[in-house]
Structures are given as C-alpha cells and as structure tokens.
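Chemist: The amino acid sequence is not available; the structure is as follows:
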C-alpha cells in the first residue's frame, strides 16, 4: 500500500493560550495573533496538492483551516473526534488555578495518570484511543493520498507518541507550538514522523501545553 501522507496543524493562538488557560472542548475563537497565523499557514500550504482538508469542529481549528482551504478551493470536513481532550472541571481555569483549587486532581494530571478523567472529563487513555482511531479512519478513507488536518495540541501529542513509541505516562520531550506544521506518513509498516513543529512560516508561536 502506498503511504498516506498527513500534514497535521495545531490551531492558531487564542487569548486563552496566551493566558495559560485550559480550553479543552470549550469553543474559544482565535485571537488577532491566531488569525495572522492562519493566513501565514495559507501562504505556505495553499499550493500543496492535498486531496482533502479535515478539521476539529471547534471554532479555533475551523478558523485556522479556512484560509488554507479557501486557497486550495477545497471544503473543510469537520470531525468532532479531532477535538481536544475534555478536561472536565479544569476547563476555564489556568493551570495555576487548577493546581491551587484541585491539588489532588492536578497531581494525577501532572503524573499523566492514564485513567484520570477529571471526574467530568475524558481520561488520557480514552482520549488517546479516540484520537488515534480518528486518524486511522482518515487513512483508511484516503489510502495513498495527501491529507491536511487541523486539530489540537493534545491530538498531536497522541499522534507523535504513537508514531515514535513513547508511552502516555512519560514526560513530553517534543514541541507542540500553535500553528506549527507537522507531517507523518502511514502505511502497512506503521506511522512515521517526518517534519515536526515547523514554525518557519511564523513570527511567534506558543507551546502552552503542560506536562
């Protein structure tokens, strides 16, 4: 089977990213910086031969995807399985607030406990399963094609860990900047990382995710 090539992009910056505030599945729009990043992405990705464009259904990813999709003259297919992890009661707090208000829960979060689900959210293990199944379904739907996917930092993290054999419970030792370009290939031999965290097209990019 010919490899399916995926260009996977984290959404542009939001005001909450800049504040270190946990968005999860709350529908936060891009900031002015994020909108500029979306235009910069279109300038570098808008001439590549993509077969299809997919995006999380949350506003910040759809806003990031649209300028490139317009330039490619392709529709954006929204998929809720490309959403960020649901952080339950943590959503809307800064990481510092979560640590102060819910210290026991924050400790389990920081320890990367795969079964911890924030009481009302999504466990790391379930989130990993959901994100990887979504990417696998896109590969099966588009064998041997070039796909452009707009998603969230957490989804990118699960993809990188899966492709490189890193366990969910280990500390993150790779970058996940806003609006960065990341590329993987998938075939019968497995998932392989190509370019990762490419921000050459940007003047500024945050990596605000907490390990």
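Modeler: Noted; the coordinates are in hand. None of the values given here were measured: they were computed from a predicted structure. Numbering: from 1, shown residues only.

Chemist: How many neighbouring residues does residue 134 have?
Modeler: Neighbours of residue 134 under the rule other CB atoms under 10 Å: 22. (C-beta placed from N, C-alpha, C; glycine too.)

Chemist: for this structure, what spans make up the helices?
Modeler: Under the criterion DSSP state H, the chain carries helices at the ranges 15-19, 32-45, 59-72, 95-101, 103-110, 124-141, 153-164.

Chemist: could those go into TSV alongside mean pLDDT and distance to residue 177?
Modeler: Below are the helices of the chain laid out as TSV (pLDDT from 0 to 100; distance: least, CB to CB, whole Å):
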stretch	mean pLDDT	distance to residue 177
helix 15-19	96	10
helix 32-45	98	10
helix 59-72	98	13
helix 95-101	96	17
helix 103-110	96	21
helix 124-141	98	18
helix 153-164	98	9
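
Chemist: Excluding chain neighbours, what is closest to the most centrally placed residue in the chain?
Modeler: Geometric centre of the chain, nearest residue: residue 152, 2.2 Å, by CA atoms, centre = their mean. Nearest residue to residue 152, sequence neighbours excluded (CB to CB, 6 or more residues apart in numbering): residue 84, at 3.7 Å.

Chemist: per-residue pLDDT, the residue nearest to the centre of the chain?
Modeler: Residue 152 carries a pLDDT value of 98.

Chemist: Could you do residue 209 as well?
Modeler: We have a pLDDT of 75 for residue 209.

Chemist: That one reaches residue 172, doesn't it?
Modeler: Yes: taking CB atoms under 8 Å as the definition, residue 209 is a contact partner of residue 172 at 7.4 Å.

Chemist: Find residues that contact each of the two.
Modeler: Contact criterion CB atoms under 8 Å, 6 or more residues apart in numbering; residues shared by residue 209 and residue 172: residue 157.

Chemist: Run through the residues that contact the residue nearest to the centre of the chain.
Modeler: Contacts of residue 152 (CB under 8 Å, 6+ apart): 10-11, 56, 58, 61, 82-85.
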